[in-house]
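curious how this folds, go ahead:
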Amino acid sequence: MRRLEVSNVRAWERVALELEPGLIVVSGPNGAGKTSLIEAVTLSTIGVSPRTAREAEAIRRGAQALHVAAEIDGPGGRQHRELGLQPGLGRRMRRDGNPVRSLAEWRAPGAVLVFLPEELRTVKGPPAARRRALDRLLEGSDPGYTEASSAYLAAVAQRNALLRRIRAGATGEAGLAPWDRACIEHGARVAAARATAIAQLSEPFGDWLARLGGGQGGRLLLEPSPSTREGLHADGVEGALADALARTRTRDVQAAQTLSGPHRDDVWIGTGDHDLRRLGSQGEQRTAVLAFLLACRDHLTLRGATPILLLDDVLSELDPDRRRLLLHELTDAGQAWVTSADPDAAALAEAAGAAHHLHVEDGHVR
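From the prediction side, this is the model:
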């Protein structure tokens with residue numbers, strides 16, 4: 001990102017920043033607007049907020065609308081992006097001055113990777129949080145994945161609705177056949193993409209975990225649903241999904257939901273046989289989340305575009321050695337934003353060779 005312009009995003013009435021690649025340290029007291037800058041970068045690239053599902057909540061109090069604009073270097077050259085949001089009117093988007101009507105067409109998948117304190121859910125949270133982290137990566141690196149994933153989830157929702165009617169005695173099981181086929185077809189595409197991605201991410205995750213002081217032997221494993229998918233090539237996944245749907249049909253009807261399929265996948269995260277999801281300390285889990293994000297950055301970079309890393313309050317629970325290691329690793333590749341309320345942030349930025357140190361306070365940046 002070379003330039004960011006923000007109007008009426010939470011604490012910010014107006015701010016414009018000229019930026020360079022490398023590490024950007026954003027410091028200041030709590031409530032000064034550090035996280036709001038992270039939110040503005042995300043809005044300018046993918047059109048949604050990392051903090052809320054209701055983007056209207058990001059509008060500055062007393063303002064009618066927010067506006068963000070950014071100049072971003074990408075595989076196709078520099079791009080100027082704008083987004084305005086006003087309650088009742090929705091989003092208005094432009095790319096290189098041309099209106100874009102669809103958010104799916106306007107957004108830049110894989111342009112940013114975000115860490116907020118709640119992103120620890122990627123390790124310590126429920127399986128859905130890990131699936132979502134993996135899906136975000138695939139949406140940015142695998143053309144067609146978003147469509148396949150959406151189609152699969154829609155098929156599961158339709159099948160579940162029919163299962164509820166069957167359990168209530170309103171219809172018979174024959175109507176499940178077309179939704180079974182849709183779940184198998186689209187689910188196989190999702191399952192194969194996830195298996196490939198985890199296989200490619202595991203080694204760089206282990207490397208990053210070790211480099212950040214998290215120990216040797218870090219690895220990722222897909223825990224597929226059904227478990228019979230494990231180790232299968234793509235052409236065998238459809239058969240495993242079909243067998244599972246047939247085998248669990250009676251239980252599916254009793255539960256009125258589809259009990260097996262990629263919508264119930266999980267990702268094992270650990271070192272050796274040590275399961276960090278359940279047994280890791282807060283510091284270990286935070287380091288694992290960072291290692292996962294950096295592995296995702298490497299994955300996307302190999303596919304042609306280095307994403308912007310947005311790391312909010314990432315230093316607060318890292319010991320001094322891990323802080324130093326992390327900041328050092330962020331100075332070389334692409335652009336990374338790190339926010340901190342630490343009064344020593346300026347010294348940390350200087351020691352790490354940051355491209356920028358932005359101190360925010362009272363609605364101003366210096």
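
quick check: most distant residue from the centroid of this protein.
residue 169 (40.9 Å; Cα atoms, centre = their mean).

distance of it from residue 253?
Remark: distance between residue 169 and residue 253 (Cβ to Cβ, to the nearest Å) = 11 Å. From N, CA and C alone the C-beta is placed, and that goes for glycine too.

for residue 325, same thing?
53 Å.

same check, this time on residue 78
Residue 78 is 55 Å from residue 253, by Cβ to Cβ.

what about those two, which has more around it?
residue 253 (16 against 11; other Cβ atoms under 10 Å).

just say helix, strand or coil for that one.
Following DSSP: H, G, I helix; E, B strand; the rest coil, residue 253 is assigned to helix.

try residue 220
Once three-state DSSP is applied, residue 220 turns out strand.

and residue 327, that one's in a helix?
Yes: remark: residue 327 belongs to a helix, assigned using three-state DSSP.

what are the buried residues along stretch 217-224?
218, 219, 220, 222, 224 (16 or more other Cβ atoms under 10 Å).

next one: it to chain centre, how far?
18 Å (Cα atoms, centre = their mean, to the nearest Å).

stretch 200-213 now?
Worked out by Cα atoms, centre = their mean, stretch 200-213 lies 18 Å from the chain centre.

average model confidence for it?
When pLDDT is averaged along stretch 200-213, the result is 95.

also stretch 228-245?
Computed over stretch 228-245, the average pLDDT equals 90.

same question, stretch 359-366
pLDDT averaged over stretch 359-366 gives 88.

first vs last residue of it, how far apart are they?
5 Å (Cα to Cα, to the nearest Å).

list the buried residues for it?
Those buried within stretch 359-366 under the rule 16+ other Cβ under 10 Å are 359, 360, 365.

other residues contacting stretch 68-77?
1-7, 9, 40-41, 43-45, 78-83, 108, 111, 304-305 (Cβ atoms under 8 Å, 6 or more residues apart in numbering).

can you show me the helices along this protein?
34-46, 103-106, 121-124, 127-141, 145-167, 176-211, 234-247, 249-255, 276-279, 282-302, 320-329, 345-352 (DSSP state H).

need the winner for burial among the ones you listed.
helix 34-46 (a mean of 25; mean count of other Cβ atoms under 10 Å).

how much does that helix deviate in direction from helix 127-141?
Calculated by axes from the mean of the first three to the mean of the last three Cα atoms, to 10 degrees, helix 34-46 forms an angle of 50 degrees with helix 127-141.

roughly how far out does helix 34-46 sit from the chain middle?
14 Å.

hmm, back to that, just send the helices of the chain back as CSV, with distance to residue 95 too.
Compiled in CSV, these are given as follows (distance: least, Cβ to Cβ, whole Å):
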stretch, distance to residue 95
helix 34-46, 11
helix 103-106, 6
helix 121-124, 30
helix 127-141, 17
helix 145-167, 18
helix 176-211, 27
helix 234-247, 34
helix 249-255, 44
helix 276-279, 39
helix 282-302, 20
helix 320-329, 32
helix 345-352, 32
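
out of those, which gets nearest to residue 59?
Checking the helices of the chain against residue 59 by Cβ to Cβ gives helix 34-46 as the closest, at 11.0 Å.

CA atoms only for the closest one, dumped as PDB, please.
Output in PDB follows, covering the C-alpha atoms of helix 34-46 (Å, rounded to 0.1, in the frame of the first residue of the first chain):
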ATOM      1  CA  LYS A  34      -4.700   2.400  16.100                       C
ATOM      2  CA  THR A  35      -7.100  -0.400  15.400                       C
ATOM      3  CA  SER A  36      -9.300   1.900  13.300                       C
ATOM      4  CA  LEU A  37      -6.400   2.300  10.900                       C
ATOM      5  CA  ILE A  38      -6.100  -1.500  10.600                       C
ATOM      6  CA  GLU A  39      -9.900  -1.500   9.900                       C
ATOM      7  CA  ALA A  40      -9.500   1.200   7.200                       C
ATOM      8  CA  VAL A  41      -6.900  -0.800   5.400                       C
ATOM      9  CA  THR A  42      -9.100  -3.800   5.400                       C
ATOM     10  CA  LEU A  43     -12.100  -1.800   4.200                       C
ATOM     11  CA  SER A  44     -10.000  -0.400   1.300                       C
ATOM     12  CA  THR A  45      -8.900  -3.800   0.100                       C
ATOM     13  CA  ILE A  46     -11.700  -6.300   0.800                       C
END
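
now for the closest residue to residue 166 other than its chain neighbours: which residues touch it?
The shortest distance from residue 166 to any non-neighbouring residue, by Cβ to Cβ, 6 or more residues apart in numbering, is to residue 253 (5.3 Å). For residue 253, the contact set (Cβ under 8 Å, 6+ apart) comprises 163, 166, 167, 173.

isn't the second one right next to residue 179, touching?
No: using Cβ atoms under 8 Å, residue 166 is not in contact with residue 179; the gap is 11.4 Å.

hmm, back to that, can you tell me which of the buried residues of stretch 359-366 are in strands?
359, 360, 365 (DSSP state E).

now the residue lying closest to residue 35 once chain neighbours are set aside: how far from residue 247?
Distance criterion Cβ to Cβ, 6+ apart; nearest residue to residue 35, sequence neighbours excluded, is residue 312 at 5.2 Å. Distance, residue 312 to residue 247, by Cβ to Cβ: 44 Å.

any idea how far residue 119 is from residue 226?
Distance from residue 119 to residue 226, by Cβ to Cβ: 29 Å.

can you check residue 65 too?
48 Å.

higher neighbour count, these two?
Using other Cβ under 10 Å as the criterion, residue 65 and residue 226 rank with residue 226 on top: 19 against 16.

ok, that one touching residue 259?
No: contact criterion Cβ under 8 Å: residue 226 and residue 259 do not qualify, at 9.4 Å.

and for these two, which residues touch both?
By Cβ under 8 Å, 6+ apart, no residue touches both residue 226 and residue 259.
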